[in-house]
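# Output the structure for:
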Amino acid sequence: MTQARNLISHVEVIITTPKGQKNYKAFYSINTTDDEKLKNRAYVSIEQVMSNKGLKEQIVKQALKEAIYWEEKYTQYKELNMIFKAIEKTNKKFGVRWME
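Have a look, this model is predicted:
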């Protein structure tokens, strides 16, 4: 099971545009229940995430948790203040705390 999880989490989709190629995760691990404590996980395709508001919000919230963690880790570097402000501005919409 661990090996399968590791494989699927590394599959990527490559999009080619006139500006070059961009790699995206092909599958995302999402919680299949509304109860955050149950943690029933499943993998869904990027197409499913992008076409489902609830799934997309779940992925955005996870990304914000990671960004907030990163901000806490590098908070002493004032050179990154513009990035920190962008994280905080985006998070006002979602109200995520990284230690949840």
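# any idea how far Ile30 is from the closest residue to Thr33 other than its chain neighbours?
Nearest residue to Thr33, sequence neighbours excluded (CB to CB, 6 or more residues apart in numbering): Asn40, at 5.0 Å. C-beta: built from backbone N, CA, C; applies to glycine. Separation of Asn40 from Ile30 (CB to CB, to the nearest Å): 10 Å.
# what do you get for Thr16?
Shown here: Thr16 relative to Ile30, a distance of 27 Å by CB to CB.
# And these two? Which one has more around it.
With neighbours defined as other CB atoms under 10 Å, Thr16 and Ile30 compare such that Ile30 has more, 19 against 8.
# Output stretch 23-42 as CSV, nothing but the C-alphas.
The C-alpha trace of stretch 23-42 is given here as CSV (Å, rounded to 0.1, in the frame of the first residue of the first chain):
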residue,chain,number,x,y,z
ASN,A,23,4.8,19.8,-14.8
TYR,A,24,1.7,19.3,-12.6
LYS,A,25,0.8,16.6,-10.1
ALA,A,26,-1.6,14.2,-11.8
PHE,A,27,-3.3,13.0,-8.6
TYR,A,28,-4.1,14.7,-5.3
SER,A,29,-4.8,13.1,-1.9
ILE,A,30,-8.1,14.4,-0.6
ASN,A,31,-10.2,13.8,2.5
THR,A,32,-13.4,12.0,1.3
THR,A,33,-15.5,13.0,4.4
ASP,A,34,-16.5,16.4,5.7
ASP,A,35,-15.2,15.4,9.1
GLU,A,36,-11.5,16.4,9.3
LYS,A,37,-10.9,14.0,12.2
LEU,A,38,-11.9,10.8,10.2
LYS,A,39,-9.2,11.2,7.6
ASN,A,40,-10.7,8.9,4.9
ARG,A,41,-8.2,9.6,2.1
ALA,A,42,-8.4,8.9,-1.6
